[in-house]
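> task: produce atomic coordinates for the following.
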Amino acid sequence: MKVGMVASHYPHAAYREEFVARVQQVAEVFRQAPGCLSADYWLSADGEAVVSIVQWESEEASAASFAAIAAAGVDVAYDEREARPREIVRLVAA
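Here you go, the predicted model:
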């Protein structure tokens, strides 16, 4: 069953460009993982949020993608660079 994720991140303005680069790296690793159907990132129109949207062919593919992120050493830490907690919505195909 196809699964997905929408993650909204809220970096402080001083870290916005750095954060977009971090999300871009994550998307690139996701896209190379078997079973990842798409991985995109957007900046909200007001510039406050960086939004990641990812689709996988299965929950197993999703788990494998996150394992690939860990193996690649990509920075996904939540810390003081973000103004507020991330909002992550996990999705399943209807």
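
> and the helix or strand hosting residue 83, which strands flank it?
Residue 83 belongs to strand 82-92 when elements are defined using DSSP states H and E. Paired strands of strand 82-92, with direction, are strand 3-11 (antiparallel) (DSSP bridges).

> show me where pLDDT drops low in the chain?
Across the chain, nothing is flagged by pLDDT under 70.

> okay, and residue 29 sits in which element?
Residue 29 is part of helix 16-32, with elements assigned from DSSP H and E.

> what angle do helix 16-32 and the strand holding residue 83 make with each other?
Here strand 82-92 runs at an angle of 20 degrees relative to helix 16-32 (axes from the mean of the first three to the mean of the last three C-alpha atoms, to 10 degrees).

> tell me how far the helix holding residue 29 lies from the chain's centre.
When C-alpha coordinates are averaged (C-alpha atoms, centre = their mean, to the nearest Å), helix 16-32 and its chain have centres 7 Å apart.

> helix or strand right after it?
Stepping forward along the backbone from helix 16-32, the first helix or strand reached (DSSP H and E) is strand 36-43.

> packing partners of that next one?
Applying 3 or more C-beta pairs under 8 Å, 6 or more residues apart in numbering; DSSP states H and E, we find strand 36-43 packed against helix 16-32, strand 50-56. Yep, even glycine has a C-beta here, placed from its N, CA and C like the rest.

> for the ones you listed, which one sits closest to residue 80?
Proximity to residue 80, assessed across the helices and strands packed on strand 36-43 by C-beta to C-beta, is greatest for helix 16-32 (12.2 Å).

> centroid residue for this structure?
Nearest to the mean C-alpha position of the chain, counting by C-alpha atoms, centre = their mean, stands residue 52 at 4.4 Å.

> so that one bridges to which residues?
Here residue 52 shows beta-bridge partners residue 7, residue 41, assigned using DSSP bridges.
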